[in-house]
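Trainee: the sequence isn't on hand, but the structure is:
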């Protein structure tokens, strides 16, 4: 039997968990519960769902984009990721958007993490009933051939602002990295239209929080504002991180957010 702190929040959280993840999943989780799960469900129902998913400053789809990215970055082989992938589909995320989350996780958190997350997402999608799987249909937002470097450099400037030129020989390691940033990160990945720039920023902030790599959080929070994310949307992403990535991540992310807002106001 779950510990209950606030009966109203507990009831609301259980209802929302059933709506988002499926009633069958909720009933199975509660049926499998033992004494070690007591505070897990207290936290899940009253905090994650009643205090976070009940809020509407982010749509359920956008919150799913952030939460799936967080979980994929921190626990790529987990059942939790499978559950939230199914929830994301119920919330309107397409297969193409999930594929873009996996690309962002792979490119920003590393190939081993991305490989595990891809296998987990694939298994989750294969388990979705046909009636729900219609929302997971693939599309093609590939920007197509062209001058990847020029296209990427222009988009990189739009997202990150002006950056100093690389004054190193073309064969130098850092120069190769910068070329890939222009040609593939921005020329291909960020140019793909299956996610809007705002959605892609949400996903990347999810990856940053999920992997607890906060050194560049200010850069990407500022970029999110630059491409059109609202401050209240960013705060909702950080609120989600507080419960899905932990309080220690939230504390660092919140400091970064306040620093960006102070600079933006100045």
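Mentor: Cool, got the structure. Predicted model, so just to flag it, every value in this text is computed and none were measured.
Trainee: what about residue 167, how many residues nearby?
Mentor: Residue 167 sits with 7 neighbouring residues when counted by other Cβ atoms under 10 Å. Bear in mind the C-beta positions are built from the backbone N, C-alpha and C, glycine included.
Trainee: report pLDDT for the residue of the chain positioned farthest from its centre.
Mentor: No residue in the chain has its C-alpha farther from the mean C-alpha position than residue 169, which lies at 35.9 Å (Cα atoms, centre = their mean). Here the pLDDT value assigned to residue 169 is 73.
Trainee: that one - nearest residue in space that isn't next to it in sequence?
Mentor: When the adjacent residues along the chain are set aside, residue 169 lies closest to residue 175, with 6.4 Å between them (Cβ to Cβ, 6 or more residues apart in numbering).
Trainee: how far away is that neighbour from residue 186?
Mentor: Applying Cβ to Cβ, to the nearest Å, one obtains 16 Å for the distance of residue 175 from residue 186.
Trainee: ok, those two, which is more surrounded?
Mentor: Using other Cβ under 10 Å as the criterion, residue 175 and residue 186 rank with residue 186 on top: 23 against 14.
Trainee: touching, the more buried one and residue 150? I think so.
Mentor: No: counting by Cβ atoms under 8 Å, residue 186 stays clear of residue 150, with 10.5 Å between them.
Trainee: contact partners for the residue lying closest to residue 186 once chain neighbours are set aside?
Mentor: With Cβ to Cβ, 6+ apart as the measure, residue 152 is the residue that lies nearest to residue 186, at 3.6 Å, once sequence neighbours are left out. Applying Cβ atoms under 8 Å, 6 or more residues apart in numbering, one finds that residue 152 lies in contact with 181-188, 190-191.
Trainee: switch to 7 Å and redo it
Mentor: Going by Cβ atoms under 7 Å, 6 or more residues apart in numbering, residue 152 touches 182-183, 185-187.
Trainee: secondary structure, pLDDT and distance to residue 89 added to the residues you listed, as TSV?
Mentor: Conversion of these to TSV gives the following (DSSP: H, G, I helix; E, B strand; the rest coil; pLDDT from 0 to 100; distance: Cβ to Cβ, whole Å):
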residue	secondary structure	pLDDT	distance to residue 89
182	helix	94	34
183	helix	93	32
185	helix	96	27
186	helix	96	28
187	helix	94	29
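Trainee: and which of those is nearest residue 122?
Mentor: Using Cβ to Cβ, the shortest approach to residue 122 within the contacts of residue 152 belongs to residue 185, at 23.9 Å.
Trainee: and the helices in the stretch 151-266 of the chain?
Mentor: Secondary structure of the stretch 151-266 of the chain (DSSP state H, counting those that start in this stretch): helices located at 173-180, 197-210, 217-226, 231-244, 247-265.
Trainee: closest to residue 215 out of the contacts of residue 152?
Mentor: Closest to residue 215, out of all of those and judged by Cβ to Cβ, is residue 185, at 17.5 Å.
Trainee: distance check, that closest one against residue 207.
Mentor: Look at residue 185 and residue 207: by Cβ to Cβ, they are 13 Å apart.
Trainee: neighbour count: those two, which is higher?
Mentor: The residue with more neighbours, out of residue 185 and residue 207 and counting by other Cβ under 10 Å, is residue 207; that gives 24 against 19.
Trainee: does that one touch residue 105 like I think?
Mentor: Yes: A contact is recorded between residue 207 and residue 105 when judged using Cβ atoms under 7 Å, the distance being 5.6 Å.
Trainee: anything in contact with each of these two?
Mentor: For the pair residue 207 and residue 105, residues contacting each of them under the criterion Cβ under 7 Å, 6+ apart are 69, 73.
Trainee: what's the helix or strand where residue 10 lies packed up against?
Mentor: In this structure, residue 10 sits in helix 7-21 according to DSSP states H and E. In terms of contacts (3 or more Cβ pairs under 7 Å, 6 or more residues apart in numbering; DSSP states H and E), helix 7-21 is packed against helix 23-31, helix 79-90.
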